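**Q** Got a predicted structure plus its sequence, pasted below:
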Amino acid sequence: MTQNSYQTPEVAQAYDAKNSGRDDFEFYRQLAGEVSAGNPDFAVLDIGCGTGALGVQMAAAGYRVTGVDPSDAMLDVARNRPGGDACTWIHGYANDVPDVVADLAVMTGHVAQYFLTEEAWVEVLTEVYRALRPGGWLAFESRNPGRRAWERWVPEHTTRRLPHPGGGELTTWIELLDVDEDGPEGVLDTHRGITIYPDGHRSGDDSSETLIFRSLDRLNSTLEAAGYSIEQTYGDFSRGPVTEADPDSGTEASVEYILIARRPHP
């Protein structure tokens, strides 16, 4: 396995520029507003918080926020962004989070797809359950494999030119390296992101990442086995329904599986 480039400062510093215009943040902010009603001490846990963009927005809305991420480089951006000092940042994983500290845990940016084995996925669900207060909520998204997003993760569909936070312009694209559609847990996609920086140097050739696309049935069954009740499922961040591809009717698969689950009260 090659190095994950999110561990490098230059990639971390450019992450927000590459991910501008996201529609998931508004979804999770609205969800927090709905499930926090009547709780003046509402606490949010952001698993795989990255550069802390959502965490800072949640803190500005009045919530207590803890973000956890394995990349020191990403957390350096989080700590130093305006409002970053209002959050608690933990370098590590879900098992490094204290017990019963959160009313809502979120995994944004398709973090759920980085847990490639069932063992790793069940472990994070178990650790988040431990970190939630009774009655607490877990929300995350995973791409619908029926949409076959990996087929578009090639330069002709992904090349973009973006402003660099330090000035100048980035050019970035994705190169698909491998797809295994026969994995027992779901489709496995391996790709790398290439970036050319304003000074002309290039990064990404020596790194890659692998994502898993689980079926909705498998996501549901693992949540239930970990003790959660599944409260709602959406197919996009506008709260549209989950759909699967049906050539006969012309129905397309929804882009996402967005799951909202809950740790039950005793």
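**A** Yep, it's here.

**Q** From here on, just use CA atoms for contacts and neighbour counts.
**A** OK.

**Q** The stretch 151-266 of the chain: strands as residue ranges?
**A** Remark: strands assigned in the stretch 151-266 of the chain by DSSP state E, counting those that start in this stretch are 160-163, 169-180, 187-196, 202-203, 209-213, 229-234, 256-262.

**Q** Which of these sits closest to residue 38?
**A** With CA to CA as the criterion, residue 38 lies closest to strand 256-262 of those, at 17.5 Å.

**Q** Which elements pack onto the closest one?
**A** When contacts are defined as 3 or more CA pairs under 8 Å, 6 or more residues apart in numbering; DSSP states H and E, strand 256-262 packs onto strand 132-143, strand 229-234.

**Q** quick one: residue 181 from residue 190, how far?
**A** Between residue 181 and residue 190 the distance, using CA to CA, to the nearest Å, works out to 12 Å.

**Q** Mind putting the helices and strands packed on strand 256-262 into CSV with mean pLDDT, mean neighbour count and distance to residue 37?
**A** Compiled in CSV, the helices and strands packed on strand 256-262 are given as follows (pLDDT from 0 to 100; neighbours: other CA atoms under 10 Å; distance: least, CA to CA, whole Å):
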stretch, mean pLDDT, mean neighbour count, distance to residue 37
strand 132-143, 98, 22, 13
strand 229-234, 98, 16, 17
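
**Q** mind putting those in CSV, distance to residue 76 included?
**A** As requested, the helices and strands packed on strand 256-262 are exported to CSV (distance: least, CA to CA, whole Å):
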stretch, distance to residue 76
strand 132-143, 24
strand 229-234, 33
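
**Q** among those, which is nearest residue 45?
**A** When the helices and strands packed on strand 256-262 are ranked by distance to residue 45, counting by CA to CA, first place goes to strand 132-143 at 8.6 Å.

**Q** So what touches the closest one?
**A** Applying CA atoms under 8 Å, 6 or more residues apart in numbering, the contact partners of strand 132-143 are 28, 99-113, 128, 149, 213-214, 255-266.

**Q** Now intersect those with the helices, please.
**A** Secondary-structure check on the contacts of strand 132-143 using DSSP state H: residues within helices are 28, 128.

**Q** List buried residues within the contacts of strand 132-143.
**A** Burial by neighbour count, judged by 16 or more other CA atoms under 10 Å, picks out 28, 101-113, 128, 213-214, 255-263 from these.

**Q** just to revisit the earlier point, so for residue 34, which of the strands of the stretch 151-266 of the chain sits nearest?
**A** Using CA to CA as the criterion, the shortest distance between residue 34 and the strands of the stretch 151-266 of the chain is 12.3 Å, found for strand 256-262.

**Q** Give me the residues contacting that closest one.
**A** In this structure, residues lying in contact with strand 256-262 by CA under 8 Å, 6+ apart are 135-144, 216, 223, 228-237, 242.
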